[in-house]
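A.B. asks: model this:
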Amino acid sequence: QVQHSVAKLIGAGEELNYSSEGRNILASNSSVVRSFHYQTAYVSFMFRSYDDMVENIEKYFAFQETTWACLFFAHAVHAFYTGLISFWVARKSSDRQQW
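C.D. replies: Have a look, this model is predicted:
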């Protein structure tokens with residue numbers, strides 16, 4: 001229940017109506033979408049929701065090559081938690097080479 005509430009706070013789990021300006025930002029700025037997937041993976045990690053976490057961290061990594069550089073502190077925090085998430089996935093996954 002708490003995870004669902006937190007997910008709703010970051011906009012996950014339900015279809016949202018975006019303004020035309022919001023849709024343009026999502027379509028043209030992959031950094032925004034990447035940040036969304038990071039936040040969703042982070043919440044899933046904190047609440048031990050393995051399947052949701054794997055889905056979102058894979059989407060986060062897919063955007064890694066196409067996004068412009070983040071602020072250094074934010075990037076360091078993202079690197080730390082994606083490392084923790086990757087470690088957990090590698091321990092539970094049979095495909096350890098990917099992680």
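
A.B. asks: what comes up buried for the longest helix seen in the chain?
C.D. replies: If you go by DSSP state H, the chain has its longest helix at helix 72-92. Using 16 or more other Cβ atoms under 10 Å as the test for burial, helix 72-92 gives H78, Y81, T82, I85, W88, V89. C-beta: built from backbone N, CA, C; applies to glycine.

A.B. asks: Output those residues in TSV; the columns should cover pLDDT and distance to M46.
C.D. replies: Listed next are the buried residues of helix 72-92 as TSV, based on pLDDT from 0 to 100; distance: Cβ to Cβ, whole Å:
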residue	pLDDT	distance to M46
H78	79	15
Y81	84	9
T82	85	14
I85	87	10
W88	86	12
V89	88	15
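
A.B. asks: Now the phi/psi pair for S93, please.
C.D. replies: Dihedral pair for S93: phi -90, psi 150, per degrees, to the nearest 10.

A.B. asks: Roughly how far does it sit from Y50?
C.D. replies: Separation of S93 from Y50 (Cβ to Cβ, to the nearest Å): 10 Å.
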